[in-house]
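Peer 1: Got a predicted model here, sequence first, then my questions.
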Amino acid sequence: MGRTRVLVVDDHRIFAEALATALAAEPEIEVGAAGTAAAAERALERAAAEGRPYDIVLVDADLTPAVGRPGQARSRDRFPVAVVPLPRREASPAPAPGDGIALVARICRTHPALRAVVLATDDDPRRAVRALQAGASGWVAKESSLGRLLAVVRGVLRDETHLPPALLTGVVRELTSARRDRTESERLVGTLTPREEEVLRCMVAGLGRQAVAERLYLSPHTVRTHMQNVLGKLGVHSTLAAVAVARRAGITPSEPLPPPAPAQPPHPPTVASNAGPGAG
């Protein structure tokens, strides 16, 4: 069996260098490092294209978005760890704002076989739940020992989920509360008529009253009535609050309409000639 390939993603240079060096000392582990979300995603794509995908990614929960001009390289994108040769950063647009958990969500979607572990400075049950929902398999405090981190790495490779014992109660409480909120949201949405649910799905898609009217072939006045009914039945006072309830209930946005077919240019009229042979 080959060595376990681990990618460390952290924009704190000293911590990342130390962690990469410590992990690389383990004979069964091969390490790479990246200092930004964009660099991490490129490293994962490149490794997959070369047929040597990473097995585990360790992501800083507080990873900051890139700053500066598009294409402007930052020194912390390249960690001078002898065992981790990192390529020069190519010019590319700055990634969208987000944190380490947002990165976990993206890479778990694009690399389903990859296991993600979040490295955190504090044990926050809400953020830990967000990480689990994003696809993470573990949550490890940065102050943990190398032995603890290695145990988590080996555990997630066996498809285990690892959380610090101190977090378990809070995480269970958060998950139970989320399930309770979802159940109540589902009950409220269940009181809507089919037409009102259609209107709600349009609201989730971000459509205004006129756009909903055009989508459902209704008058704006009728749509206004439906929207008022939706707010009343959901027990909220704004469209944003209604959308929040809908999302908790698992309501998906209305599908976008296909673009209209391009207009065909009119064909020139065909003029039949009645002239016989030799006419002219």
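Peer 2: Happy to help now that I have it.

Peer 1: what about the strands in the stretch 101-250 of the chain?
Peer 2: 115-120, 138-141 (DSSP state E, counting those that start in this stretch).

Peer 1: can I get these in a markdown table with mean neighbour count?
Peer 2: Where C-beta positions appear, they are placed from N, C-alpha and C, glycine not excepted. Listed next are the strands of the stretch 101-250 of the chain as a markdown table, based on neighbours: other CB atoms under 10 Å:
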| stretch | mean neighbour count |
| --- | --- |
| strand 115-120 | 24 |
| strand 138-141 | 22 |
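
Peer 1: what would those look like in TSV with distance to residue 186?
Peer 2: As requested, the strands of the stretch 101-250 of the chain are exported to TSV (distance: least, CB to CB, whole Å):
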stretch	distance to residue 186
strand 115-120	29
strand 138-141	28
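
Peer 1: of all those, which lies closest to residue 49?
Peer 2: strand 115-120 (19.6 Å; CB to CB).

Peer 1: quick one: contacts of that closest one?
Peer 2: Strand 115-120 is contacted by residues 10, 55-62, 100-101, 104, 107-108, 127-128, 131, 134-142, 152-153, 156-157, 162 when judged by CB atoms under 8 Å, 6 or more residues apart in numbering.

Peer 1: returning to what we had before: the strands of the stretch 101-250 of the chain: lowest mean pLDDT?
Peer 2: Mean pLDDT is lowest for strand 138-141 among the strands of the stretch 101-250 of the chain, at a mean of 88.

Peer 1: Out of the strands of the stretch 101-250 of the chain, flag the one nearest residue 38.
Peer 2: Smallest distance to residue 38 across the strands of the stretch 101-250 of the chain (CB to CB): 16.7 Å, for strand 115-120.

Peer 1: Within the sheet, what are the partner strands of the closest one, with directions?
Peer 2: strand 56-60 (parallel), strand 138-141 (parallel) (DSSP bridges).
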